[in-house]
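# Mind looking at a prediction? Sequence and model below.
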Amino acid sequence: MLNNAARVIAKAVGVLGICAIAVGVVMRIAWINDTALKLPAVETHEMHENVSFDGAFLSLASENTSGYSVNVTNAEKMSYNEYIERYGLDKSKTFEGLDSLSLICLEIEVGNIGNSDGGIFLFECNLVPERKNTYYIADTWLWAESEPAITDGSMRYIKIAPDSTYTIHVPYKTNIRDEEEQTEYKRVIEDSEFNLYLSNMPIRKFLRFRDEEAGRNAAAIESLFYKCFYICPSYIAGSLPFAKNLPPAGRKSSVSVRDLLNATSI
């Protein structure tokens, strides 16, 4: 009797031990899930799209971006001198030799609906090429040359009046600063497709675009493709002896290759 009772007790202890371990494992998994770093959701936007921040921020929630939005309406490669000539308040601030396409100039319409306290760290938003092995930074010192109210190019924060919009032209350059040789304005930017990262938390928002020239080239290629593969075959077919046997563009034909060969035989 005692042996049987001992066995029952031993089994009960074993079962309780297994249950305790299982509960411990479940609690550990739950704790890991609760405390694990959660990756933010990602939103992808395009040029000419109005992107609302909705409280999303780069570093701190205290940035207070609610009500703010941005719309990139143009992206264009240009040189330092071209930027000064086009947007600079003092057109005489050009320099010999700074004519390389070393900048990506973004035309950005900033909007603010009802926010009288916050703003956006727009000049902390990095521009990353599609190859993702480098990044470009906002040249706030050069941008200050285009803004009458700005005297200090070290600013990183932009704030506009509530219920208003304001268009700015922000030059992005290679992430180097060489005041003597001005290397950053001599290095040509070869990239043509970019991502502008606007916020990190709680939603990571970025805007994808091409520079103006690349966009024009892509549109030209698309147009050429359409003409070569859609318009030209239809035009040529219409002038051939067997044109009456061909279906209208976009419809499948029941005419066989043998029929076409017979129709064109002399």
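Yes, it's here. Numbers count the residues shown, from 1 in each chain.
# make it CA atoms for all contacts and neighbour counts henceforth
OK.
# any weak-confidence spans in this structure?
1-6, 8-10, 12-17, 19-20, 24-38, 151-154, 179, 213-266 (pLDDT under 70).
# rerun that using 90 as the cut-off
1-40, 59-62, 131-133, 147-157, 175-183, 211-266 (pLDDT under 90).
# what about the helices in it?
With helices called from DSSP state H, the chain shows them at 2-35, 80-87, 140-143, 212-226, 232-238, 257-264.
# List the buried residues in the third one.
Going back to what we said before, that points to helix 140-143. By neighbour count with 16 or more other Cα atoms under 10 Å, helix 140-143 contains the buried residues 140, 142, 143.
# just the CA coordinates of that helix, formatted as CSV?
Extracted C-alpha coordinates of helix 140-143, given in CSV (Å, rounded to 0.1, in the frame of the first residue of the first chain):
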residue,chain,number,x,y,z
THR,A,140,20.4,74.3,-44.9
TRP,A,141,23.2,76.8,-45.3
LEU,A,142,22.5,77.0,-49.1
TRP,A,143,18.7,76.9,-48.5
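# Against which helices or strands is that helix packed?
strand 164-174 (3 or more Cα pairs under 8 Å, 6 or more residues apart in numbering; DSSP states H and E).
# now the strand it packs on against helix 80-87, angle please.
If you take axes from the mean of the first three to the mean of the last three Cα atoms, to 10 degrees, strand 164-174 sits at 170 degrees to helix 80-87.
# Strand 164-174 pairs with which strands, and in what direction?
strand 103-112 (antiparallel), strand 136-138 (antiparallel) (DSSP bridges).
# mind giving me a markdown table with those and columns for distance to residue 150 and mean neighbour count?
Shown next, in a markdown table, are the strands paired with strand 164-174 (distance: least, Cα to Cα, whole Å; neighbours: other Cα atoms under 10 Å):
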| stretch | distance to residue 150 | mean neighbour count |
| --- | --- | --- |
| strand 103-112 | 16 | 22 |
| strand 136-138 | 15 | 22 |
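# So for residue 168, which of these sits nearest?
Between residue 168 and the strands paired with strand 164-174, the shortest separation by Cα to Cα is 5.4 Å, and it involves strand 103-112.
# got the contact list for the closest one?
Here strand 103-112 makes contact (Cα atoms under 8 Å, 6 or more residues apart in numbering) with 67-80, 160-174, 185, 188-189, 211.
# And the buried ones among these, selectable in PyMOL?
Here is the PyMOL command that selects the buried residues among the contacts of strand 103-112 (16+ other Cα under 10 Å):
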select buried, resi 67+68+69+70+71+72+74+75+76+77+78+79+80+160+162+168+169+170+171+172+173+174+185+188+189+211
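# residues touching residue 55, list them.
By Cα under 8 Å, 6+ apart, the neighbours of residue 55 are 61, 64, 65, 66, 67.
# wait, residue 50
Contacts were defined as Cα under 8 Å, 6+ apart; by that measure residue 50 touches 69, 70, 71, 72.
# and the gap between it and residue 165?
Between residue 50 and residue 165 the distance, using Cα to Cα, to the nearest Å, works out to 12 Å.
# circling back: quick check: strands, which of the contacts of residue 50 are part of them?
Those of the contacts of residue 50 mapping onto strands are 69, 70, 71, 72, per DSSP state E.
# just to revisit the earlier point, so which of the contacts of residue 50 would you say is closest to residue 195?
Nearest to residue 195 among the contacts of residue 50: residue 72, at 11.5 Å, using Cα to Cα.
# Now that closest one: closest residue in space, sequence neighbours ignored.
residue 108 (4.5 Å; Cα to Cα, 6 or more residues apart in numbering).
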